[in-house]
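Engineer: How does the following fold in three dimensions:
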Amino acid sequence: MRASVQNFLAKIVLIGLLAFSYAGEVIAQSEELTRNYQRGSSLFEAGMFKASTPYFKKALTLSEVEYGRESSRTAFILKNLATVHAKQGDFAAAEPLFVRSLRIFEDAFGRGHGIVAEVTNELSIVYVERKRFIEAEPLLGRVLENLEKKFGRDDPRVAVAAYNYGYASEFLGDAAKARTLYARALSIWQSQPVPDDNRVAAAKARIAGLGRMNVRKGPSLAPYLPRVLPGNSVDAPDSAESVARHTKSDGEISTQPAAAAELNWRVQLASFRSLNTANEETRRLQKKFNELFASVGGLKVREAVLNNTTYYRIVAEPYAQREVAVGLCHDLKARQQACLVARQAQN
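Structural biologist: Got it, this is the predicted structure:
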């Protein structure tokens, strides 16, 4: 993966915590915090990433005490410590730090802010590097949209985002979507005054590889998505008791509790570690595909715990027949939305 993709991933940049404050206020900080942060930054700039790590960790501990765990200033240090880990190839350590900083930045500045877009990009890179394509795909879509708005549709940075998005789509088995994204990246790179031959060749190679992919079955989602577990609705706790809609002989719609055994199937669209991210993505998907989920009252966020890790899954449920759930998933895939059908575990 690294040989063909990593060169196209956007560079991860260290943020200068002391240089600015998005909150528009200047807050005094201890000399010890300043000293550790500046020392870590100096070592980072010198390429000494491992040596900088303990200084950023110390700065993070001090910031959590001085400003609080949910402070945007703490989030800057979280982001920088994650960057240091990513630079060393330790993406497992970088991931929870990026996730936490993204949640804080979204709460503090809103989803459309520049720092949110930057951390979204960096977290998507971590997910791609860890082959966590289910989680990477929606973030890569956000990165592409953000870059289009900021730089225009034909900017080379948009091509990089499209290529990365195509890479995730390819590994999720969506050859059509991957081909469209690769072709877009290729078109942009070829249109530059001085085309980048390496990137052009890489995009052509991946498009050619998709031809072979069509012959074989696409990669399974199973390695990248934790199994679906029963859980409570996060947004609407009262909806835990499923209600089935039945049509009477006279055409009247009645609402009665359905037998648990009848409602065995769900369609899962995405899975996240962050509840805020799951809720944001649920609202986006609900708006985009509203008519498809009307029969079950819309999308839900379900909380599930696997191996002591909490996941927030976006699902449409419940369905009495597998064929109905499969049909919905087919319609979603036709609209370039990844999904899977799973049997609901019985309590």
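Engineer: Name the nearest residue to Gly166, ignoring sequence neighbours.
Structural biologist: In space, and not counting its chain neighbours, Gly166 is closest to Leu181: 3.3 Å by CB to CB, 6 or more residues apart in numbering. Quick note: C-beta positions are derived from backbone N, CA and C, even for glycine.
Engineer: The helix or strand hosting the one you found: what's the following helix or strand?
Structural biologist: Following DSSP states H and E, one finds Leu181 within helix 175-190. Sequence order places helix 197-215 as the next helix or strand after helix 175-190, per DSSP H and E.
Engineer: Packing partners of that following helix?
Structural biologist: Contacts defined by 3 or more CB pairs under 8 Å, 6 or more residues apart in numbering; DSSP states H and E place helix 197-215 against helix 2-5, helix 156-171, helix 175-190.
Engineer: C-terminal to the first one, what's the next element?
Structural biologist: Read it as helix 2-5. Helix 2-5 is succeeded, C-terminally, by helix 31-45 (DSSP H and E).
Engineer: who touches that following helix?
Structural biologist: 14, 16-18, 49, 51-53, 55-56, 58-59, 62-63, 66, 77, 80, 83-84, 87 (CB atoms under 8 Å, 6 or more residues apart in numbering).
Engineer: just the buried members of the residues you listed?
Structural biologist: Those of the contacts of helix 31-45 that meet the buried threshold are 14, 17, 49, 52-53, 55-56, 58-59, 62-63, 66, 77, 80, 83-84, 87, by 16 or more other CB atoms under 10 Å.
Engineer: hang on, the earlier thing: using TSV, please lay out the helices and strands packed on helix 197-215 together with mean neighbour count, mean pLDDT and distance to Ile125.
Structural biologist: Converted to TSV, the helices and strands packed on helix 197-215 look like this (neighbours: other CB atoms under 10 Å; pLDDT from 0 to 100; distance: least, CB to CB, whole Å):
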stretch	mean neighbour count	mean pLDDT	distance to Ile125
helix 2-5	11	42	10
helix 156-171	25	87	8
helix 175-190	20	92	16
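Engineer: CSV for those, including distance to Gly110?
Structural biologist: Output for the helices and strands packed on helix 197-215, formatted as CSV (distance: least, CB to CB, whole Å):
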stretch, distance to Gly110
helix 2-5, 30
helix 156-171, 21
helix 175-190, 27
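Engineer: coming back round to it: how much space separates the residue nearest to Gly166 from Leu139?
Structural biologist: Leu181 sits 14 Å away from Leu139 when distances are taken as CB to CB, to the nearest Å.
Engineer: same thing with Asn121?
Structural biologist: Applying CB to CB to Asn121 and Leu139 gives a distance of 8 Å.
Engineer: again, but for Gly209
Structural biologist: Taking CB to CB, one finds Gly209 at 23 Å from Leu139.
Engineer: With Trp189 instead?
Structural biologist: 22 Å.
Engineer: Equivalent analysis for Arg111, please.
Structural biologist: Distance from Arg111 to Leu139, by CB to CB: 12 Å.
Engineer: Among these two, which residue is more densely surrounded?
Structural biologist: Counting neighbours by other CB atoms under 10 Å for Arg111 and for Leu139 shows that Leu139 has the greater number, 26 against 17.
Engineer: pretty sure Arg103 contacts Thr277?
Structural biologist: Yes: taking contacts as CB atoms under 8 Å, Arg103 lies within contact range of Thr277: 7.3 Å.
Engineer: More neighbours: those two, which one.
Structural biologist: Ranked by neighbour count (other CB under 10 Å), Arg103 and Thr277 place Thr277 first, with 23 against 20.
Engineer: any idea how far the more buried one lies from His113?
Structural biologist: As for Thr277, its distance to His113 is 15 Å (criterion: CB to CB).
Engineer: so where do the strands sit in the stretch 201-347 of the chain?
Structural biologist: For the stretch 201-347 of the chain, applying DSSP state E, counting those that start in this stretch gives strands covering 243-247, 253-257, 265-272, 300-306, 309-319, 340-343.
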